[in-house]
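>>> only geometry, no sequence info:
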């Protein structure tokens, strides 16, 4: 019994939700739980049923899912140390999802009375449970498409609301200035002054409102996330920039929390995650203490899980090798290589694929960084686009002003102006078409100069509209060093510059990219991921060599045993 208690307490010590509680307190919590066994396929919780228990997974795997008219919708896979059922008990609502066992499992469960007693003893648990419940709802609502098949989100937080309100101060002031201007304009007897004040007042009110909405959306699009596999910082500026910085939990070296006195009062701070390839600095987040505890706890769980999976893989490989030898089969490592398969047939794009590609093009029309199917694409900074399109934009503005002048004289005042109305209409339309094509040419010239990072290589593609295409590629394995610079006051102010990648005797230069610090870190992260896969392959090969040695040892041991049995007098 004592051993069982210590194992349960050890499990609680690994759970981020119980971080900060000592062993005596965890032992007290353990007394509220009892352990049960469930078989593969058992329905543990049914969606819509009343709340009765809080569950902690002691061993095994469980699936969270919804039943929809289209079939079963999988939400998450839960493993040892995960928990569920707290939300229904907290808020007195029915179960929000089904939970069933994917394999034979053991659960720790506390009834409603015990759960409420726990919250009474340790009020911080109520806050933690509420934050994790909100994270689950947010994860289901956002449908993050980068999540892996067996990846589950444990915690999502944003920047503290204090920084939202700080970003709304200037828009509110602009609106406040615009209101008296508009009122003053309505009181003016002079038509000219009235129109001017009404225009400026309306522009101030409308601009301030739009500015405030933009800042609110921009605040709401940034997330700090912990899953069972990685820590992620999502940063998204609508239509301009989309970034995802992440680090696998097993590569985290240290987690540092930075706060000020004001931050401790309002419960916000900065989390600095140190990895092999640099740092991920998540600034001004809400609930930094909880985020730090979750990150430390899940990092330890991920490291232990990696060791367990490696041992399991070693054990399975050894068992298969020995069973094959005993059955007289050839070990997998000694089998002849399979014949290469024929290349896959190239199928034409379907209408749905074309619609999807068109939507992707519209979505990324002005974006300087976007990610699709594991490939990160960078364009040059938008200031480069402004410089390229400056002349056609100025001509377009002049054409718009001239169109307004024509409309005023020929439509409103009904005065003739050199040519007939139909002629002017045709000329102006041709002017708009020509300027539009001129602007589009320079946009395509900007849009087609891209830099890409894939899981295996980097690409530098320069394509002139209706002209030639230059394409350079290099393997991530061949990169010797990466550096970046931001030369000039303009580049420092707008945070763009050049990233220089040294590959052997040549250089790849990502010219004029936004946020070169992140491009540098993206490259380092991909290089580390590539090196990690290489180490995994080498480890697998080393495991195969060890298995070969063990299988030879097993074979020789059997031969010696057989020889000893065949000796006379034995």
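Now that the structure is in, tell me what you want to look at. This one's a predicted model, so the numbers in the text were calculated from it and none came from an experiment.

>>> In the protein, spot the helix with the most residues.
helix 516-566 (DSSP state H).

>>> Pull the distance from it to the chain's centre.
Relative to its chain's centre, helix 516-566 lies at 31 Å (CA atoms, centre = their mean, to the nearest Å).

>>> again with stretch 99-107
Between the centre of stretch 99-107 and the centre of its chain there are 29 Å (CA atoms, centre = their mean).

>>> What's the mean pLDDT across it?
On average, the pLDDT along stretch 99-107 is 93.

>>> Can you give me the end-to-end span of that stretch?
The first residue of stretch 99-107 is 12 Å away from its last residue (CA to CA, to the nearest Å).

>>> Now do the buried residues in it.
Of all the residues in stretch 99-107, those buried under the rule 16 or more other CB atoms under 10 Å are 99-101, 105, 107. (Glycine included, C-beta is placed from N, CA and C.)

>>> cool, stretch 547-554 as well?
547, 551.

>>> about what we covered before: including distance to residue 80 and secondary structure, could the buried residues of stretch 99-107 go into a markdown table?
Output for the buried residues of stretch 99-107, formatted as a markdown table (distance: CB to CB, whole Å; DSSP: H, G, I helix; E, B strand; the rest coil):
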| residue | distance to residue 80 | secondary structure |
| --- | --- | --- |
| 99 | 15 | strand |
| 100 | 17 | strand |
| 101 | 13 | strand |
| 105 | 9 | strand |
| 107 | 10 | strand |
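
>>> Quick check: the two most widely separated of those residues?
Spatial extent of the buried residues of stretch 99-107 (CB to CB) is set by the pair 100 and 107 at 12.1 Å.

>>> Give me the common contacts of the two.
residue 44 (CB atoms under 8 Å, 6 or more residues apart in numbering).

>>> if you go through the stretch 201-350 of the chain in chain order, where are the strands?
223-227, 230-237, 241-248, 252-258, 268-275, 278-286 (DSSP state E, counting those that start in this stretch).

>>> Buried deepest among these, which one?
strand 223-227 (a mean of 23; mean count of other CB atoms under 10 Å).

>>> What strands line up against that strand, and which way round?
strand 153-157 (antiparallel), strand 230-237 (antiparallel) (DSSP bridges).

>>> tell me the mean pLDDT over it?
93.

>>> And it, how far out from the chain middle?
8 Å.

>>> Specify the angle between that strand and strand 268-275 in degrees.
Interaxial angle, strand 223-227 versus strand 268-275 (axes from the mean of the first three to the mean of the last three CA atoms, to 10 degrees): 50 degrees.

>>> Quickly list the domain ranges of the protein.
1-143, 162-220, 381-448, 449-547 (automatic domain parsing).

>>> Out of those domains, the one nearest residue 288 is which?
domain 1-143 (11.9 Å).

>>> quick one: the closest one to chain centroid distance?
Distance, centroid of domain 1-143 to centroid of chain: 25 Å (CA atoms, centre = their mean).

>>> what do you get for stretch 466-476?
On CA atoms, centre = their mean, the centre of stretch 466-476 falls 28 Å from the chain's centre.

>>> Show me which residues of it are buried.
Buried-residue list, stretch 466-476, by 16+ other CB under 10 Å: 474, 476.

>>> do the same with stretch 8-20
For stretch 8-20, a neighbour-count test (16+ other CB under 10 Å) marks 8-9, 11-12, 15-19 as buried.

>>> from those, which ones fall inside helices?
Checking the buried residues of stretch 8-20 against DSSP H, those in helices are 8-9, 11-12.

>>> on that earlier part again, quick one: which of the strands of the stretch 201-350 of the chain is nearest residue 83?
strand 223-227 (14.8 Å).
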